[in-house]
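S.K.: here you go, sequence then predicted model.
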Amino acid sequence: MRLPSSNGSSEEPLRLVRLTAGALLLFGTVVAIALALSGIAPRALQLIGGFWAVYGFIVGITSGVMEPVIDGLARALSDWGLIRQGGGWSAIETMAARGHLEEAAEAYLARAKNPRERVTATLRRAALLAGPMRQPETAVVELENLQAQELAPHDDLRVGLALVDLYDRRLSDPGRAMTELRRLIDRHPEEKGVSQWRQALALMKAERFNKTKGSSS
């Protein structure tokens, strides 16, 4: 959604300042000319140059300094508000919810170029690819490429568990799911959820064994 330009909000009050100053100086110029012609104050004409020098200074300050500063500050505050709100993900989520899946996927890909957002953006993109866009193979490839990079332990867990879910539920490949789950158990034995992962791994092995036994008989 395009934000309205901030130019109008800063230009109108400053334009009013310039018009007011111009009107006052024009009135002062007329009065000075009248006083000089009437002989009451012959030197009044000397004030005209000073009047318009002041007007030029006011116009220069408002147009060349104040307006750019106000506009820049308004844009900075607007951008800061967008980034802070929902961590910046809400706009992409809204895009996906409205059916603009390709645009949302590209937006996640662009965010993934930022090292700080790489893991979260790639995980969100993978969920979009594997779910509404029905491209689980692409999601797996991107997560495996991410996993091949050096990740913090917490991020390695997030990516690994996402891969387990994709292998098992989206690709119906329990062998790869069990392999990844075993890797997570061996690599992160101190994690709180490791007992649950072991139970899940045992259940997957039992289910696969039963299927293999049934097919052989």
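M.R.: Perfect, I can see it now.

S.K.: helix or strand: which one has V140?
M.R.: helix 136-147 (DSSP states H and E).

S.K.: show me what the helix or strand following that helix is packed against.
M.R.: For helix 136-147, the succeeding helix or strand toward the C-terminus, using DSSP H and E, is helix 153-165. On a contact count with 3 or more CB pairs under 8 Å, 6 or more residues apart in numbering; DSSP states H and E, helix 153-165 meets helix 118-130, helix 136-147, helix 174-187. For glycine as for every other residue, the C-beta is placed from the backbone atoms N, C-alpha and C.

S.K.: so of these, which one's packed in deepest?
M.R.: helix 118-130 (a mean of 21; mean count of other CB atoms under 10 Å).

S.K.: who touches it?
M.R.: For helix 118-130, contacts defined as CB atoms under 8 Å, 6 or more residues apart in numbering pick out 89, 92, 96, 101, 104-105, 108-109, 111-112, 114, 135-136, 138-140, 142-143, 146, 151, 155, 158-159, 162, 166, 170.

S.K.: just the buried subset of those residues, written out for ChimeraX, thanks.
M.R.: Per 16 or more other CB atoms under 10 Å, the buried members of the contacts of helix 118-130 correspond to this ChimeraX selection:
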select :89,92,96,101,104,105,108,111,112,135,136,139,140,142,143,146,151,155,158,159,162,166,170
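
S.K.: against I92, how distant is E180?
M.R.: 27 Å (CB to CB, to the nearest Å).

S.K.: so in this structure, where's the weakest helix or strand by average pLDDT?
M.R.: Least confident helix or strand, the chain: helix 67-84 with a mean of 50, by mean pLDDT, DSSP states H and E.

S.K.: how is this protein partitioned into domains?
M.R.: Domain segmentation of the chain under automatic domain parsing yields 7-86, 89-216.

S.K.: any low-confidence regions in the protein?
M.R.: Along the chain, segments meeting pLDDT under 70 span 1-18, 21-22, 24-28, 30-32, 34-87, 211-217.

S.K.: at 80 what do you get?
M.R.: 1-88, 208-217 (pLDDT under 80).

S.K.: ok so, going back, same list (the helices and strands packed on helix 153-165) but as CSV, adding distance to A206.
M.R.: Formatted as CSV, those follow (distance: least, CB to CB, whole Å):
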stretch, distance to A206
helix 118-130, 26
helix 136-147, 25
helix 174-187, 11
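
S.K.: so which of those gets nearest E207?
M.R.: Smallest distance to E207 across these (CB to CB): 7.4 Å, for helix 174-187.

S.K.: can you pull the buried residues of the helix or strand following that closest one?
M.R.: From helix 174-187 onward toward the C-terminus, using DSSP H and E, the following helix or strand is helix 194-216. Under the neighbour-count criterion of 16+ other CB under 10 Å, helix 194-216 has W197, A200, L201, M204 buried.

S.K.: can you redo those as JSON lines with distance to A23?
M.R.: Putting the buried residues of helix 194-216 into JSON lines (distance: CB to CB, whole Å) gives the following:
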{"residue": "W197", "distance to A23": "78"}
{"residue": "A200", "distance to A23": "79"}
{"residue": "L201", "distance to A23": "83"}
{"residue": "M204", "distance to A23": "83"}
